[in-house]
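S.K.: Sequence and predicted structure, then a few things I'm wondering about:
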Amino acid sequence: MDGICTLANDYVYDQLVALLNSIEVNQGKDTPVCIFPYDDNLERVRAEIAHRPNVQLYDDQESINRWDTFAQAVWERHPTATQQWNIQSGLHRAGTHRRFCGFDGPFDRFVYIDADALLIDSLDYIFEKLTTYDWVVYDYQFKDPSHIYTLDSPQLYKVFPQERIDNEIFCSGFYGTHRNLYSPEQLEALLGHLAAGEAEVLYVWAPDQTILNYLAMRSQRRIYNFSHHLSAEERIGCCVTSPHFEEKDGLVYDKGKRLTYLHYIGVSSSVFRRLCEGENLDCPYRDVFLHYRYLHEPENRPQFTGTAKPLNPPPTMTQRLLRKLGIKSK
């Protein structure tokens, strides 16, 4: 069975609702969806999916524990991670690793989508490509490999040649892959490589993303990125950092071509919460987010008047003066 996975808790509730509604509209209302719990803060999530028979909250605690343990084992092998995170124990953004539960999850083939994204078009072509590839992605992360691996690590290019870094890395916010892709023995072998010195290539500030790329690339999996295979005229973007997309009737277009997904990368979850509380913020592509968030409750959609406040307002004259004097403003 094919399905869609995501990762959520109550902190990203508004984004989760928008994502689920976008899946309902653009992939189908009966599309199976599995939510992996970021943590135990799930009261609103449980209430929301109670009336969505196609959506389940992943509750295989043995699987969750296994992947929590695996992530811990990965970072225990890193020479400086805990020092960089400035913590005594545990993991930075520990819950993000729970997306790995997809390898145990309910779907033979699945597309993982971050909760800070919207599905804009059908994923059928992604699933079709999964018949011949282990991983299928569609992004431009290869333009910035510094958020995948530690580029100044002496080990990096011994492990992965530049050509592979240029062609195989991907963003962890959207990818298609398969259940049971890694056996316990294979995972143990990968931990052995990390313990032998390869852990230093991992990028500690995107912990789930760097591990996923390492898993895919170190095990020589077949990775297909549409952005490498389509012509310039055929390619479409995916991130809200692109200012030229056009919105129309809940859909988003890149020079006339419909996006597959829209990733609100770099926009804090607090922005979406504040928007839904009625604060007039100038969030990129906010109308399409609000369209899906309030798809089934349009009467509750906030109505804004006046000029929207920028997300990152320039400092005031007083703040600039205090900064110049070396005084922190409160």
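M.R.: It's in.

S.K.: contacting residues around the lengthiest strand in the chain?
M.R.: Within the chain, and with DSSP state E defining each element, the longest strand by residue count is strand 2-8. Among residues not part of strand 2-8, those counted as contacts by C-beta atoms under 8 Å, 6 or more residues apart in numbering are 15-16, 19, 23, 27, 31-38, 45, 95-96, 98-99, 102, 105-115, 119, 123, 127. Every residue, glycine included, has its C-beta placed from N, CA and C.

S.K.: Buried residues in whichever helix or strand comes after it, which are they?
M.R.: Next helix or strand after strand 2-8 toward the C-terminus (DSSP states H and E): helix 13-26. Residues of helix 13-26 classed as buried under the neighbour-count rule (16 or more other C-beta atoms under 10 Å) are 13-26.

S.K.: distance of residue 48 from residue 137?
M.R.: Distance, residue 48 to residue 137, by C-beta to C-beta, to the nearest Å: 28 Å.

S.K.: More neighbours: which of the two?
M.R.: residue 137 (27 against 19; other C-beta atoms under 10 Å).

S.K.: got the phi/psi numbers for that one?
M.R.: Dihedral pair for residue 137: phi -140, psi 170, per degrees, to the nearest 10.

S.K.: what residue ranges in this protein score low on pLDDT?
M.R.: 313-330 (pLDDT under 70).

S.K.: where do the helices sit along it?
M.R.: Ranges of helices in the chain, per DSSP state H, are 13-26, 43-49, 61-76, 81-85, 124-129, 156-159, 162-168, 184-195, 207-218, 226-229, 269-276, 286-293, 317-324.

S.K.: what's the offset of the fourth one from the middle of its chain?
M.R.: Which is helix 81-85. What separates the centre of helix 81-85 from the centre of its chain is 22 Å, taken as C-alpha atoms, centre = their mean, to the nearest Å.

S.K.: Same question for the fifth one.
M.R.: Between the mean C-alpha point of helix 124-129 and the mean C-alpha point of its chain there is a distance of 19 Å (C-alpha atoms, centre = their mean).

S.K.: Dump it to CSV, keeping only the CA atoms.
M.R.: The C-alpha coordinates for helix 124-129 follow below in CSV (Å, rounded to 0.1, in the frame of the first residue of the first chain):
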residue,chain,number,x,y,z
ASP,A,124,1.4,9.7,-8.6
TYR,A,125,4.5,10.4,-10.6
ILE,A,126,6.6,10.2,-7.5
PHE,A,127,5.1,6.8,-6.6
GLU,A,128,5.6,5.6,-10.2
LYS,A,129,9.3,6.4,-10.1
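
S.K.: Would you indicate which residues of it are buried?
M.R.: By 16+ other C-beta under 10 Å, the buried positions in helix 124-129 come out as 126-127, 129.

S.K.: Likewise for the second one?
M.R.: Of the residues in helix 43-49, those with enough neighbours to count as buried (16+ other C-beta under 10 Å) are 44-45, 48-49.

S.K.: just the third one next, same as before
M.R.: By 16+ other C-beta under 10 Å, the buried positions in helix 61-76 come out as 63-64, 66-68, 70-71, 74-75.

S.K.: nearest to residue 187, of those?
M.R.: Using C-beta to C-beta, residue 70 comes nearest to residue 187 of the buried residues of helix 61-76, at 6.2 Å.

S.K.: hang on, that closest one packs against residue 187?
M.R.: Yes - the criterion here is C-beta atoms under 8 Å, and residue 70 meets it with residue 187 at 6.2 Å.

S.K.: what's the closest non-adjacent residue to residue 15?
M.R.: residue 115 (4.7 Å; C-beta to C-beta, 6 or more residues apart in numbering).

S.K.: Include distance to residue 242 when you put the buried residues of helix 124-129 into CSV, please.
M.R.: Putting the buried residues of helix 124-129 into CSV (distance: C-beta to C-beta, whole Å) gives the following:
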residue, distance to residue 242
126, 20
127, 25
129, 23
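
S.K.: List just the nearest of those to residue 293.
M.R.: residue 126 (24.1 Å).

S.K.: No further queries at this time; thank you.
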